[in-house]
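Student: dropping a prediction and its sequence here:
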Amino acid sequence: MTVPHPGKPVRGSKSGLPIMALFDLLGRNWAMGIIWNLQDDSTTFRELQQRCESISPGILNNRIKELREADIVERTIEGYQLTQRGKELMELLRPFGEWSRSWSKEVFNYTKPLNNQKKDDK
């Protein structure tokens, strides 16, 4: 799969609007999981694979390549980490997490046990 580019047709949009290209990229298998697992620190490929639990090395490698090309993830001496743009994206995604907790509780009567929540997921 190629990285979705604004101005070109992407999944769900023939117009290729920038927001649709971003949603195409973020909607790919494990893209959000990788971003989520890099939000606090850099990590090696192997550590990232363990954090993502069931991800195959091939899928992880493909997603990292796509996220690097999109300037969301970068490789450093310590491993992979979010770029400044990736950190900005993560900050924009946090309100979605807050909204989703209210939505899941009000619509589906779902609440996540507190002992499983990350510090930023409360």
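Tutor: Happy to help now that I have it.

Student: show me where the protein dips below the pLDDT cut-off.
Tutor: The model of the chain has pLDDT under 70 over residues 1, 113-122.

Student: and the strands in the chain?
Tutor: Ranges of strands within the chain are 73-76, 79-82, based on DSSP state E.

Student: what's the most buried one of those?
Tutor: Across the strands of the chain, the average number of neighbours (mean count of other C-beta atoms under 10 Å) peaks for strand 79-82, which reaches a mean of 18. All C-beta spots, glycine's among them, are computed from the backbone N, C-alpha and C.

Student: how far does stretch 44-60 sit from its chain's centre?
Tutor: Per C-alpha atoms, centre = their mean, to the nearest Å, the displacement of stretch 44-60 from the mean C-alpha position of its chain is 13 Å.

Student: now the end-to-end length of it.
Tutor: Stretch 44-60 has an end-to-end distance of 12 Å (criterion: C-alpha to C-alpha, to the nearest Å).

Student: what's the single longest helix in this protein?
Tutor: The helix that spans the most residues within the chain, counting by DSSP state H, is helix 84-108.

Student: hmm, who's touching it?
Tutor: Defining contact as C-beta atoms under 8 Å, 6 or more residues apart in numbering, one finds that helix 84-108 is touched by 35-36, 38-39, 67, 71-74, 82, 110-112, 120-121.

Student: check contacts around the residue most central in space within the chain.
Tutor: Nearest to the geometric centre of the chain sits residue 32, at 2.2 Å (C-alpha atoms, centre = their mean). For residue 32, the contact set (C-beta under 8 Å, 6+ apart) comprises residue 26.
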